[in-house]
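1. Return a 3D structure for these sequence lines:
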Amino acid sequence: MRMSLVIGTAVLAAVPALAQDIDLPKQVTWTAYGTGSAGYNQSIAIGAALQDALDVNLRVLPGKNDIARTEPLRQGKVDFSANGVGGSFMAQEGVFQFGAENWGPQPVRILAANNGGAVGLSLAVAAEACEKAGKPGCEGFTYADLKGMRVAWVKGAPALNVNNEAYLAYGGLTWDDVERVEFGGFGDSWAGMIDGSVDAAFASTNSGRAYEAESGPRGVYWPPIDPDNTEGLARMQAIAPFFTPMTATVGATIDGTDGAPTAGYAYPVLMTYADQDADLTYNMTKALHELFDGYAGEAPGINGWALDKQNYTWVAPYHDGAIRYYTDIGAWNEDAQAHNDNLVARQAALMRAWEELKAEGPENWAEAWDQKRREALAAGGFDVVF
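-> Model prediction:
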């Protein structure tokens, strides 16, 4: 799947800034990551801009994990979700928790995403844990040094857990090489980082929880990802193909430095379902971009929502309403449409396979779906991941 960023300066110059042309209801509701997370903080800042410019109230419902953020959207109780790779890509794929019999491949659609490039998404280590590996000050500490240590596992959060697994794989480790410590949510895992019940947990580098840990007694450290370590990256991307090496310049212990070499992907991702009203989606997308100056700089990493950061060939398709907006401003092109059409076809193939398997009623659902899913993707000529 191509991951190019497609936009030009001419597009930016063509963007109108007339807030009165945006037609939204007086209240819009979306889910986001838990309080203190980057996704939640950015949602609140965007909500403030909507209130100031349009007198629109953005109601943000925090969810502990991917299921908690996506279920209200599936039920039609919220309009959108500032979700992550779990609630978007993994929901589309029908994998991990979304492979349960009461879920399956979801018809997710993207409005926009934070592709800031300044914020890393990383498995952090309590600086105190470096001493366990005989590396005080974390000098020379790598992910391989996590062997035998306690690593967070968040219930109902496949994105977080797969991400941790990918970082472990970069270091040549698996879950069998560490002690898995279960938590009920993202915030709980970081409370464990602070109170000493776990040695490593996943977060965006600019998460409020990471800043809290930085000022705590154990500290926090982001072990480096070497972009030239082809074998390590191959192991990482075999598990999480959405990761790419990058240098984080925003985050706990990072602010004011030359940055930290890590990996990242789009986060948060504002998404909805295919059947969401196209006019509502159009205007939400329009508001997000045309009110950008009203929330830029108001939360760590928030500037990644900028129009010139958008990736129109990501791993999940865009909503028709969002496509209409991007077409209006000249940002959408034939390549983006072809890529989008292919992703919609991918979702259709997965959903057909799901319905066929349900009709068959296999005894071992998880094993049967894993095989059926892979066969359907291969038969359709789509990339087989997970």
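2. From G259, how far off is the residue nearest to A278 when sequence neighbours are not counted?
-> Among residues not flanking A278 along the chain, G321 sits closest, at 3.9 Å (Cβ to Cβ, 6 or more residues apart in numbering). From N, CA and C alone the C-beta is placed, and that goes for glycine too. Distance check for G321 against G259: by Cβ to Cβ, to the nearest Å, it reads 36 Å.
3. A32 now?
-> On the measure of Cβ to Cβ, A32 and G259 end up 26 Å apart.
4. Also P362?
-> Taken as Cβ to Cβ, the span from P362 to G259 is 49 Å.
5. coming back round to it: neighbour count: G321 and G259, which is higher?
-> For G321 versus G259, neighbours defined as other Cβ atoms under 10 Å are more numerous around G321 (21 against 16).
6. Now for the more buried one: which residues touch it?
-> By Cβ atoms under 8 Å, 6 or more residues apart in numbering, the contact list for G321 reads 111, 276-285.
7. Tell me the one of those residues nearest G76?
-> Q276 (9.0 Å; Cβ to Cβ).
8. List the contacts of the spatially closest residue to W354 that is not a sequence neighbour.
-> Distance criterion Cβ to Cβ, 6+ apart; nearest residue to W354, sequence neighbours excluded, is G104 at 4.4 Å. Residues in contact with G104 (Cβ under 8 Å, 6+ apart) are 94, 98, 351, 354.
9. now, the most widely separated pair of those?
-> F98 and M351 (12.1 Å).
10. ok, for A201, nearest residue in space, not its chain neighbours?
-> Nearest non-adjacent residue to A201, counting by Cβ to Cβ, 6+ apart: A152, 3.9 Å away.
11. Is that neighbour part of a helix or strand, or is it coil?
-> strand (DSSP: H, G, I helix; E, B strand; the rest coil).
12. I figured it was touching G185, is that so?
-> No - A152 lies out of contact with G185 (Cβ atoms under 8 Å); the separation is 10.5 Å.
13. list the buried ones in the helix or strand hosting V60?
-> V60 belongs to strand 57-62 when elements are defined using DSSP states H and E. Using 16 or more other Cβ atoms under 10 Å as the test for burial, strand 57-62 gives 58, 60-62.
14. just the strands in the chain please.
-> If DSSP state E is used as the criterion, the strands of the chain fall at 27-32, 57-62, 80-83, 108-113, 121-125, 150-154, 179-183, 200-204, 244-248, 260-264, 269-273.
15. Out of the contacts of G321, flag the one nearest to T174.
-> For T174, the nearest member of the contacts of G321 is L111. The distance, counting by Cβ to Cβ, is 35.9 Å.
16. how far away is the closest one from M284?
-> 6 Å.
17. Give me the common contacts of the two.
-> Counting by Cβ under 8 Å, 6+ apart, the contacts common to L111 and M284 are 80, 270, 321.
18. thinking again about what came up before, where does the residue nearest to W354 fall, phi/psi-wise?
-> phi 90, psi 170 (degrees, to the nearest 10).
19. Quick check: buried residues in stretch 134-154?
-> 138, 141-143, 145-146, 149-154.
20. again with stretch 368-386
-> Applying 16+ other Cβ under 10 Å to stretch 368-386 flags 369, 372-373, 376-377, 380, 382, 385-386 as buried.
21. next one: stretch 345-354
-> Of all the residues in stretch 345-354, those buried under the rule 16+ other Cβ under 10 Å are 346-347, 349-351, 353-354.
22. what about stretch 191-204, average pLDDT?
-> Mean pLDDT, stretch 191-204: 96.
23. My error: substitute stretch 63-80 in the last question.
-> Mean predicted confidence for stretch 63-80 is 95.
24. got it, and stretch 283-295?
-> For stretch 283-295, mean pLDDT is 97.
25. what's in contact with that stretch?
-> 15-19, 21-24, 28, 42, 45-46, 48-50, 52-54, 56, 79-80, 111-112, 270, 302, 305-307, 319, 321-322, 325-326.
26. Just to be sure, which of those residues are found in helices?
-> Within those, residues falling in helices by DSSP state H are 42, 45-46, 48-50, 52-54, 321-322, 325-326.
27. could you dump these to TSV with pLDDT and distance to G251?
-> Converted to TSV, those look like this (pLDDT from 0 to 100; distance: Cβ to Cβ, whole Å):
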residue	pLDDT	distance to G251
Q42	95	14
A45	97	17
I46	98	20
A48	98	22
A49	97	23
L50	98	26
D52	97	27
A53	96	29
L54	97	31
G321	98	33
A322	98	29
Y325	98	31
Y326	98	30
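28. which among those gets closest to N163?
-> Q42 (18.9 Å).
29. elements contacting the helix ranked longest in the chain?
-> As assigned by DSSP H, the longest helix anywhere in the chain is helix 334-360. Helices and strands touching helix 334-360, by 3 or more Cβ pairs under 8 Å, 6 or more residues apart in numbering; DSSP states H and E, are helix 91-93, helix 320-328, helix 365-379.
30. got a markdown table for these, with distance to A263 too?
-> Formatted as a markdown table, these follow (distance: least, Cβ to Cβ, whole Å):
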| stretch | distance to A263 |
| --- | --- |
| helix 91-93 | 20 |
| helix 320-328 | 27 |
| helix 365-379 | 25 |
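31. got a list of what S122 touches?
-> 167, 202-205, 222-223, 225, 248, 262-264.
32. Just list whatever residues bridge to it.
-> Judged by DSSP bridges, the bridge partners of S122 are A203.
33. coming back round to it: nearest to G84, out of the buried residues of stretch 345-354: which one, please.
-> Of the buried residues of stretch 345-354, the one sitting nearest to G84 (Cβ to Cβ) turns out to be Q347, at 18.2 Å.
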